[in-house]
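> mind looking at a prediction? Sequence and model below.
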Amino acid sequence: MGKYKTIAVIYGSDSSEWEVACRSGEFTASRIDGDKYDVYEIFARFGKWQLVACKKKDAMRMTFPEGARPEVDKTDFSITVLGEKVRFDFVYIMQHGAPGESGQLQGYLEMLGIPFSTCSSAVSAIAFDKYACKSYIRDLGIVKCAPDAFVHKGADLDAFSAQVASSLKFPVFVKPTIGGSSFGVTMVKDPADVATAVGYAFSEGPTVLVEQGIDGREFTCAAYRTSGTVHTLPIIEIITENEYFDYDAKYNGHSREVCPAEASEEIVKLVQETTARIYENLDCSGLVRMDYIYAEDGLYFLEVNTIPGMTSASLVPKMVRAAGIDITDFLTDIIENG
């Protein structure tokens with residue numbers, strides 16, 4: 001008998017990643033053990049939280065059409081379905097972007113005392129902001145970080161562009177400090193294009209990070225904690241047909257994701273041990289994925305993903321399969337022992 005009976009999988013988001021989050025959430029809900037749990041799928045976007053489907057133990061999945069979807073009662077995060085009030089024992093958060101990845105949803109659930117699958121609100125908030133997280137990681141001294149520059153909306157972009165041109169080597173990557181799936185990201189080769197790229201990144205958020213490009217091999221590794229122990233999964237090498245691992249490469253098949261990576265034992269050990277150390281030092285919870293570039297002079301940190309993609313084609317399910325773990329058993333472990 002497990003700790004929980006009724007699971008809410010909440011997906012969608014208020015960000016540009018909401019459609020990807022829906023695919024991740026639907027996949028996750030479909031793989032949660034239907035013999036152990038009642039699973040309720042909640043689509044949440046811009047304050048409108050509605051039940052789109054539910055599946056009780058040993059029953060068929062029931063869907064609700066638009067216009068007839070029960071609304072979540074936010075006073076206690078419950079829902080009334082066919083006259084029955086349902087309270088959730090556990091929440092599996094699959095929102096890429098705000099509010100599920102930014103710490104806002106976690107803070108709400110913490111106040112209600114409802115357990116959930118991800119990092120705490122405080123850790124999520126730090127990890128969600130690329131500049132804040134990178135500053136934290138850099139101070140740990142356990143992995144290299146690329147030189148960078150940081151700017152707020154409203155700053156003098158001509159002066160900032162001149163600062164970037166004088167302090168960083170090109171190409172550089174201009175990215176919003178919040179968000180994912182490469183939305184708002186531009187690879188810039190000419191200093192004259194920095195201001196335009198920063199303006200584009202501002203479409204995703206009020207702060208922007210400009211990082212010096214690092215030439216090397218791109219690796220990613222996921223970690224999770226169960227019963228107090230941090231585990232790492234097999235690492236993946238990402239080999240893209242494009243200039244970098246952009247949205248097109250990620251979702252339109254223009255990359256190869258080699259899992260497990262064809263890398264030396266030394267590189268594999270370095271990536272996995274670094275991932276575990278960052279996970280522990282950030283005090284992460286649940287499933288977290290970390291991205292790196294391995295260059296001639298060592299391993300460079302790129303970012304932390306506290307709610308990594310979970311579609312059938314996503315990186316983490318590939319890692320789970322490569323580890324020889326059944327995805328349903330894996331999700332049960334996260335839910336029961338995370």
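That came through, no problem.
> where in this structure is pLDDT low?
1, 179-182, 241-254 (pLDDT under 70).
> change it to 80
Applying pLDDT under 80 to the chain picks out residues 1, 179-183, 240-255.
> what's the domain layout of it?
6-117, 126-144+215-337, 147-212 (automatic domain parsing).
> Ala127 - nearest residue in space that isn't next to it in sequence?
Val304 (4.5 Å; C-beta to C-beta, 6 or more residues apart in numbering). Every C-beta, even on glycine, is put in place using the N, C-alpha and C of the backbone.
> parallel or antiparallel, which strands does the strand or helix carrying the one you found pair with?
Per DSSP states H and E, Val304 falls inside strand 298-305. In the sheet, strand 298-305 lines up against strand 144-145 (parallel), strand 287-295 (antiparallel) (DSSP bridges).
> coming back round to it: can you put the domains of the chain in CSV and add mean neighbour count?
Formatted as CSV, the domains of the chain follow (neighbours: other C-beta atoms under 10 Å):
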stretch, mean neighbour count
domain 6-117, 19
domain 126-144+215-337, 18
domain 147-212, 18
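> about what we covered before: in a markdown table: the strands paired with strand 298-305, plus distance to Glu237.
Formatted as a markdown table, the strands paired with strand 298-305 follow (distance: least, C-beta to C-beta, whole Å):
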| stretch | distance to Glu237 |
| --- | --- |
| strand 144-145 | 18 |
| strand 287-295 | 9 |
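> so which of those strands comes closest to Ile7?
When the strands paired with strand 298-305 are compared by C-beta to C-beta, strand 287-295 sits nearest Ile7, at 15.1 Å.
> so what touches the closest one?
Strand 287-295 is contacted from outside by 117-119, 127, 143-144, 146, 214-224, 263, 267, 270-271, 274-275, 278-279, 299-306, 308, 315-316, 334, using C-beta atoms under 8 Å, 6 or more residues apart in numbering.
> name the nearest residue to Pro206, ignoring sequence neighbours.
Lys153 (4.5 Å).
> what's near enough to touch that neighbour?
Contacts of Lys153 (C-beta under 8 Å, 6+ apart): Phe202, Pro206, Thr207, Val208.
> could I have the CA atoms of the longest helix anywhere in the chain written out in CSV?
For the chain, the longest helix by residue count, based on DSSP state H, is helix 265-282. Provided in CSV are the C-alpha atoms of helix 265-282 (Å, rounded to 0.1, in the frame of the first residue of the first chain):
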residue,chain,number,x,y,z
GLU,A,265,34.5,6.5,-18.6
GLU,A,266,36.3,9.6,-17.2
ILE,A,267,33.9,12.0,-19.0
VAL,A,268,30.8,10.0,-17.9
LYS,A,269,32.0,9.9,-14.3
LEU,A,270,32.7,13.7,-14.3
VAL,A,271,29.3,14.6,-15.7
GLN,A,272,27.4,12.3,-13.3
GLU,A,273,29.4,13.3,-10.2
THR,A,274,29.1,17.0,-11.1
THR,A,275,25.3,16.5,-11.5
ALA,A,276,25.0,14.8,-8.2
ARG,A,277,27.0,17.5,-6.4
ILE,A,278,25.0,20.3,-7.9
TYR,A,279,21.8,18.5,-7.0
GLU,A,280,22.9,18.1,-3.4
ASN,A,281,24.3,21.7,-3.1
LEU,A,282,21.2,23.2,-4.5
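> contact partners of it?
Outside helix 265-282, the residues that reach it (C-beta under 8 Å, 6+ apart) are 119, 123, 126-127, 133, 136-137, 140, 142-143, 219, 221-223, 225, 230, 232, 235, 260-261, 263, 284, 288, 290, 292, 294, 299, 301, 304.
> okay, and which of those map to strands?
Taking DSSP state E as the definition of strands, the contacts of helix 265-282 contribute 219, 221-223, 225, 230, 232, 288, 290, 292, 294, 299, 301, 304.
> what about the closest residue to Val230 other than its chain neighbours, distance to Ile239?
Excluding the flanking residues, the one nearest Val230 by C-beta to C-beta, 6+ apart is Ala276, at 5.0 Å. Ala276 sits 24 Å away from Ile239 when distances are taken as C-beta to C-beta, to the nearest Å.
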